[in-house]
Structure formats: structure tokens, C-alpha cells
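Undergrad: no FASTA, just this:
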């Protein structure tokens, strides 16, 4: 006899009964694990959670009242809100949604794929109409849920890869390549790189790879590089440049992964009496206002952050149905010549 399924679920989506069957437990036990209610043996919980991940099961916290077909929730997962880059993206999203029925729900992942996965699964339980994330790389479990969901998906900032649905952003590899090309054309030959840990920063890694490629094509390479442990910050930029120049004082230009760290590099130069541009070129990334407000505007690359958020949200609300063809939108970037390199 055919099994009855929840009327609010696609017939292709797994049910709690499927989870229970795969885990070898009753539906009541599986439900208690999902709802985190009552005493459950660790081994039983592990079996149920493994079955949930394998099947891609999503509990419906809204009990059908916010099924994707009628939901006005848009889940937005961003790496940080303290980094000015992402509030700019969020402003773009907000601008696109202001006069619509859609409401963004924000989660912060701290650049951690496992935190992103946990927040994503929590949000999906409320059956959002769409999900917006930063970057194209996610845990296998998160990617599986994104691919099999009945909601729209926009992945922001990066277009160097295979999106689930829509990718909006720029080629970071190309941005790094153009950075090197621009600086070589300006006469720099002894390159240094002062960065931070890129273990979870795919976009900074791509820019670094692009930079190295352009230098190789010019018959050059990085003379020295240093990465501060932990996330990027102005303080990390200052400390990184100090260590870098201590090891290799002959550098004539240093590339930083972002404007925050580049500003720290400028502060180190000010403290140490190093003439920026005359003795050492400084180059950043993002085109932040603070860098352009300096007496010597920062040489950098402008990323169109507001446009990325705006475009992504506008594309998502064009249609609730996910098309067969994936969409990649290149918002591009600009080199700001500035006065520091």
C-alpha cells in the first residue's frame, strides 16, 4: 500500500518515516531527536542524525504554514557583520526587498563552514523562499541541502566555480591577477605579501593565486610573504608588515588581502618613518571609504558590494521556481590607482 506523505512536502523529499526506517528506530524516537526532546541514547541520536544528513531531511518548523510556495522569508548567511564589506552587501539586499513582502533573516557564520551548515539547517526548517550565502564552497551536507531544496539560492561575492542556482560577484582570481599586472606596469619588481590565515577564506586564496600567476608571467615572484594567525584586522596588517620588512627590508611593494590590513601597513610605515609609495608601495582590496579618505588615498581594487547584494535579491524575487539553467552574474571590479602604490 502506498505510503502517505505530508501534503506540504514534495513527493521527492524524504519524510520523518524515511529517517526512522534508515536509522532503525520508531518515528516517535526520530521525532524526539529532531525536536531535541526527552532522553535519547547517544548511539541512537547518532544513527538518526546520520540518517537525516544522508537523506537530506528537513523538518518543517512552521508545520506547513510557511511552505516555500508562500513563504516571505529570505535566509541570509554572512561571514561577518563587523567587516564593513558585508553590511554593504546587506544594504543592497535590503534595498531590493524594501518594497516587497520579503523579510530577510540574518545569520552570521564567522567564516566557519560548520557554523554555516548549522545555521542553514536551522533556517531551512522554517521553509524559506530563498537562501543567500557568501561564497561557493560549503560543507557536503550544506551543499546537498541547497541542491535538493525547493527554494531559490544565491551565492555571493565569488563566481569562480559551480553555483547551486545563482552566483553574483566577481572573479577573485582575476582581481589578484590584475593587481599583479597593474603593479608590474607601474615599475614594481620586489613584491611582498602580508596576509592573514586563509584556511577559511577562499576568496583571499584565489586573489593570492591570481597575483602569483601574473608575477610568474612577468618573470617575477613574491620575494617574501608573511601571514598573521587568525582573522584579518588593521592590527594584524601592521604587525604582518613589520615582520615582513624585518625579514626582507628590500621590498618595494607589498600586497595585502584587504584594505583593513593595508591600512595597518600604512600605520606601520607612519610609525617607522617609511615613505609610502616613495620607499614602499602599499596595495589593498575592497575600496573601502576609509582608505579613500586618507591624505594619501589607498591604492586598491574596488569590489561592488552593494550592487552584489542588490542584484542577488532582485534576481531571487523574479521567480520562485528554480530554473534548469544556472546563472552567473559578474559585477566586475575597478582598480583604484590611489596614491600609495
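TA: Everything's here; your move. If you're wondering where the values come from, they're calculated on a predicted model, not measured in any experiment.
Undergrad: what mean pLDDT does stretch 247-267 have?
TA: Mean pLDDT, stretch 247-267: 96.
Undergrad: quick one: least confident helix or strand in this structure?
TA: Least confident helix or strand of the chain, by mean pLDDT, DSSP states H and E, is helix 27-35 with a mean of 83.
Undergrad: just the angle between the helix or strand just after it and helix 27-35, please?
TA: Downstream of helix 27-35, the first helix or strand assigned by DSSP states H and E is helix 42-55. Taking axes from the mean of the first three to the mean of the last three Cα atoms, to 10 degrees, one finds helix 42-55 and helix 27-35 inclined to each other by 80 degrees.
Undergrad: Okay, now the unreliable bits of the stretch 101-250 of the chain?
TA: Within the stretch 101-250 of the chain, the segments meeting pLDDT under 70 span 198-200.
Undergrad: got the contact list for the residue nearest to the spatial centre of the chain?
TA: Among the residues of the chain, the one closest to the centroid is residue 134, at 2.9 Å (Cα atoms, centre = their mean). Residue 134 makes contact with 77-79, 86, 89, 109, 155-157 under the criterion Cβ atoms under 8 Å, 6 or more residues apart in numbering. Any C-beta I mention is one placed from the backbone N, CA and C, and that applies to glycine too.
Undergrad: Make JSON lines from the residues you listed and add secondary structure, distance to residue 121 and neighbour count to it.
TA: Below are those laid out as JSON lines (DSSP: H, G, I helix; E, B strand; the rest coil; distance: Cβ to Cβ, whole Å; neighbours: other Cβ atoms under 10 Å):
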{"residue": "77", "secondary structure": "strand", "distance to residue 121": "11", "neighbour count": "23"}
{"residue": "78", "secondary structure": "strand", "distance to residue 121": "17", "neighbour count": "25"}
{"residue": "79", "secondary structure": "coil", "distance to residue 121": "18", "neighbour count": "23"}
{"residue": "86", "secondary structure": "helix", "distance to residue 121": "21", "neighbour count": "21"}
{"residue": "89", "secondary structure": "helix", "distance to residue 121": "22", "neighbour count": "28"}
{"residue": "109", "secondary structure": "coil", "distance to residue 121": "12", "neighbour count": "21"}
{"residue": "155", "secondary structure": "strand", "distance to residue 121": "17", "neighbour count": "26"}
{"residue": "156", "secondary structure": "strand", "distance to residue 121": "20", "neighbour count": "29"}
{"residue": "157", "secondary structure": "strand", "distance to residue 121": "22", "neighbour count": "26"}
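Undergrad: could those go into JSON lines alongside distance to residue 242?
TA: Putting the contacts of residue 134 into JSON lines (distance: Cβ to Cβ, whole Å) gives the following:
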{"residue": "77", "distance to residue 242": "35"}
{"residue": "78", "distance to residue 242": "31"}
{"residue": "79", "distance to residue 242": "27"}
{"residue": "86", "distance to residue 242": "28"}
{"residue": "89", "distance to residue 242": "32"}
{"residue": "109", "distance to residue 242": "31"}
{"residue": "155", "distance to residue 242": "36"}
{"residue": "156", "distance to residue 242": "34"}
{"residue": "157", "distance to residue 242": "30"}
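Undergrad: quick one, strands of the stretch 101-250 of the chain?
TA: Applying DSSP state E, counting those that start in this stretch to the stretch 101-250 of the chain gives strands spanning 103-108, 130-134, 152-158, 166-170, 191-196, 222-228.
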